[in-house]
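Student: 3D model of this:
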Amino acid sequence: MTKDPIVIVGMARTPMGSFQGSLSSMSGPKLGSVAIKSALERAQVLNENVSEVIMGCVLPAGQGQAPARQAALGAGIPMDVGATTINKMCGSGMKATMFGHDLIVAGSANIAVVG
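Tutor: Got it, this is the predicted structure:
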(Lines give C-alpha, C1' and ligand atoms only; values in the text may rest on other atoms or scores of the structure.)
Protein backbone atom coordinates (compact mmCIF):
# COMPACT_ATOMS: atom_id res chain seq x y z
CA MET A 1 0.00 0.00 0.00
CA THR A 2 1.25 3.46 -0.82
CA LYS A 3 2.13 5.87 1.99
CA ASP A 4 0.60 8.76 0.06
CA PRO A 5 -3.19 8.74 0.19
CA ILE A 6 -5.08 8.46 -3.06
CA VAL A 7 -7.66 11.21 -3.10
CA ILE A 8 -10.48 12.51 -5.26
CA VAL A 9 -9.54 16.08 -6.16
CA GLY A 10 -12.50 17.10 -8.30
CA MET A 11 -15.87 16.03 -9.58
CA ALA A 12 -18.63 17.00 -11.94
CA ARG A 13 -21.71 15.32 -13.25
CA THR A 14 -24.30 15.91 -15.88
CA PRO A 15 -27.87 16.87 -15.01
CA MET A 16 -30.39 14.08 -14.57
CA GLY A 17 -32.52 13.87 -17.68
CA SER A 18 -35.83 12.18 -18.32
CA PHE A 19 -36.56 9.57 -20.98
CA GLN A 20 -36.65 11.33 -24.37
CA GLY A 21 -36.15 14.64 -22.53
CA SER A 22 -34.00 17.66 -23.27
CA LEU A 23 -30.70 15.74 -22.99
CA SER A 24 -31.77 12.91 -25.30
CA SER A 25 -30.13 14.49 -28.35
CA MET A 26 -26.68 14.43 -26.69
CA SER A 27 -24.59 11.27 -26.90
CA GLY A 28 -23.14 9.59 -23.84
CA PRO A 29 -19.57 10.47 -24.88
CA LYS A 30 -20.55 14.13 -25.38
CA LEU A 31 -22.11 14.27 -21.91
CA GLY A 32 -19.00 12.54 -20.53
CA SER A 33 -16.70 15.09 -22.17
CA VAL A 34 -18.63 17.95 -20.55
CA ALA A 35 -18.30 16.31 -17.11
CA ILE A 36 -14.58 15.54 -17.59
CA LYS A 37 -13.77 19.06 -18.74
CA SER A 38 -15.68 20.61 -15.84
CA ALA A 39 -14.11 18.30 -13.23
CA LEU A 40 -10.58 19.07 -14.46
CA GLU A 41 -11.27 22.81 -14.47
CA ARG A 42 -12.70 22.72 -10.93
CA ALA A 43 -9.71 20.72 -9.70
CA GLN A 44 -7.28 22.97 -11.59
CA VAL A 45 -5.71 19.94 -13.27
CA LEU A 46 -4.23 20.46 -16.72
CA ASN A 47 -5.41 18.05 -19.43
CA GLU A 48 -1.83 17.07 -20.24
CA ASN A 49 -1.28 15.89 -16.65
CA VAL A 50 -3.94 13.17 -16.93
CA SER A 51 -2.39 9.68 -17.11
CA GLU A 52 -5.49 7.60 -17.91
CA VAL A 53 -9.23 7.93 -18.50
CA ILE A 54 -11.58 5.13 -17.41
CA MET A 55 -15.28 5.67 -17.97
CA GLY A 56 -18.29 3.46 -17.39
CA CYS A 57 -20.91 3.12 -20.10
CA VAL A 58 -23.91 0.90 -19.37
CA LEU A 59 -25.47 1.04 -22.85
CA PRO A 60 -22.63 1.39 -25.38
CA ALA A 61 -24.76 0.29 -28.36
CA GLY A 62 -25.04 3.12 -30.85
CA GLN A 63 -22.37 5.23 -29.09
CA GLY A 64 -19.65 4.47 -31.63
CA GLN A 65 -16.29 2.98 -30.85
CA ALA A 66 -14.61 3.56 -27.49
CA PRO A 67 -16.98 5.95 -25.68
CA ALA A 68 -14.30 6.74 -23.06
CA ARG A 69 -11.85 7.75 -25.81
CA GLN A 70 -14.49 9.96 -27.44
CA ALA A 71 -15.26 11.64 -24.09
CA ALA A 72 -11.57 12.16 -23.31
CA LEU A 73 -10.83 13.72 -26.70
CA GLY A 74 -13.96 15.86 -26.47
CA ALA A 75 -12.70 17.21 -23.14
CA GLY A 76 -9.34 18.12 -24.67
CA ILE A 77 -7.29 15.32 -23.14
CA PRO A 78 -4.31 14.49 -25.39
CA MET A 79 -4.53 11.58 -27.82
CA ASP A 80 -1.59 9.76 -26.19
CA VAL A 81 -3.49 9.36 -22.89
CA GLY A 82 -5.03 5.90 -22.55
CA ALA A 83 -8.80 5.56 -22.35
CA THR A 84 -10.84 2.50 -21.39
CA THR A 85 -14.60 1.95 -21.38
CA ILE A 86 -16.03 -0.27 -18.63
CA ASN A 87 -19.43 -1.98 -18.81
CA LYS A 88 -20.49 -3.49 -15.50
CA MET A 89 -24.13 -2.39 -15.72
CA CYS A 90 -25.10 -0.20 -12.73
CA GLY A 91 -21.64 -0.64 -11.21
CA SER A 92 -19.77 0.74 -14.25
CA GLY A 93 -18.77 4.06 -12.67
CA MET A 94 -17.72 2.43 -9.40
CA LYS A 95 -15.68 -0.20 -11.24
CA ALA A 96 -14.00 2.57 -13.26
CA THR A 97 -13.11 4.30 -9.98
CA MET A 98 -11.69 1.06 -8.56
CA PHE A 99 -9.56 0.51 -11.67
CA GLY A 100 -8.28 4.10 -11.49
CA HIS A 101 -7.30 3.56 -7.86
CA ASP A 102 -5.48 0.36 -8.74
CA LEU A 103 -3.52 2.06 -11.57
CA ILE A 104 -2.35 4.75 -9.16
CA VAL A 105 -1.40 2.22 -6.44
CA ALA A 106 0.55 0.19 -9.02
CA GLY A 107 2.43 3.30 -10.15
CA SER A 108 1.00 3.08 -13.67
CA ALA A 109 -0.80 6.43 -13.38
CA ASN A 110 -0.47 9.64 -11.38
CA ILE A 111 -3.82 11.19 -12.26
CA ALA A 112 -6.76 9.10 -13.44
CA VAL A 113 -10.02 10.54 -14.70
CA VAL A 114 -12.76 8.06 -13.82
CA GLY A 115 -16.51 7.97 -13.92
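
Student: can you report how many residues lie near the residue lying closest to Gly64 once chain neighbours are set aside?
Tutor: In space, not counting the residues next to it along the chain, Gly64 is nearest to Gln70; the distance is 6.3 Å by C-beta to C-beta, 6 or more residues apart in numbering. The way it works is simple: take the backbone N, C-alpha and C, and place the C-beta from them, glycine included. A count of neighbours around Gln70, defined by other C-beta atoms under 10 Å, yields 22.

Student: can you list the neighbours in contact with the helix or strand hosting Gln70?
Tutor: Taking DSSP states H and E as the definition, one finds Gln70 inside helix 67-74. Contacts of helix 67-74 from elsewhere in the structure, counted by C-beta atoms under 8 Å, 6 or more residues apart in numbering, are 27-30, 32-37, 50, 53-55, 57, 60, 63-64, 79, 81, 83-86, 113.

Student: among those, name the buried ones.
Tutor: Neighbour counting by 16 or more other C-beta atoms under 10 Å classes 28-30, 32-37, 50, 53-55, 57, 60, 63, 81, 83-86, 113 among those as buried.

Student: before we move on, back to that, what mean pLDDT does the helix holding Gln70 have?
Tutor: Across helix 67-74, the average pLDDT comes to 98.

Student: also stretch 35-54?
Tutor: pLDDT averaged over stretch 35-54 gives 98.

Student: just the contacts of helix 67-74: which are in strands?
Tutor: Using DSSP state E, the members of those that fall in strands are 53-55, 83-86, 113.

Student: which residue ranges of the chain form helices?
Tutor: Defined through DSSP state H, the helices belonging to the chain, from first to last, are 28-43, 67-74, 92-106.
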